[in-house]
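Novice: Sequence first, then the predicted structure:
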Amino acid sequence: MVNMTPWKAIASALAAEGIERIYGMPGNPLHLVADIAKSTVIDVVLTRHEHSGVACAFAAARITRSPQ
């Protein structure tokens, strides 16, 4: 049995779904951001405000015509 933290399981699930980029604020949850950065090829875009993360994700979805 593999010993996997919940954060690493979430990072693996995001990678398995084909997510290329996530947007969010640093610090909460810090372990998730660290596990995504260490164990996947997903780009982590850190923003300074919650609304900025939502706006960046919305803009990326509109430009790429994909929810990812």
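Specialist: Structure received. What you are looking at is a predicted structure, and each value in this text was computed from that prediction instead of being measured.
Novice: quick one, helices of this protein?
Specialist: Applying DSSP state H to the chain gives helices spanning 6-16, 30-39, 50-64.
Novice: Among those, which comes closest to Gly24?
Specialist: Closest approach to Gly24 among those is made by helix 50-64 (5.1 Å; CB to CB). Every C-beta, even on glycine, is put in place using the N, C-alpha and C of the backbone.
Novice: list the buried ones in the closest one?
Specialist: For helix 50-64, burial by neighbour count (16 or more other CB atoms under 10 Å) applies to Gly53, Ala57, Ala60.
Novice: Mind giving me the packing neighbours of that helix?
Specialist: Applying 3 or more CB pairs under 8 Å, 6 or more residues apart in numbering; DSSP states H and E, we find helix 50-64 packed against strand 21-24.
Novice: Using PDB, write out every CA atom in the strand it packs on.
Specialist: Taking Å, rounded to 0.1, in the frame of the first residue of the first chain, the C-alpha atoms of strand 21-24 are listed here in PDB:
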ATOM      1  CA  ARG A  21      -2.600  25.400 -14.700                       C
ATOM      2  CA  ILE A  22      -4.200  26.400 -11.400                       C
ATOM      3  CA  TYR A  23      -4.700  29.900 -10.000                       C
ATOM      4  CA  GLY A  24      -4.900  30.800  -6.300                       C
END
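Novice: gap between it and the chain center?
Specialist: 4 Å (CA atoms, centre = their mean, to the nearest Å).
Novice: returning to that earlier point: mind putting the helices of the chain in JSON lines, mean pLDDT included?
Specialist: Output for those, formatted as JSON lines (pLDDT from 0 to 100):
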{"stretch": "helix 6-16", "mean pLDDT": "91"}
{"stretch": "helix 30-39", "mean pLDDT": "84"}
{"stretch": "helix 50-64", "mean pLDDT": "93"}
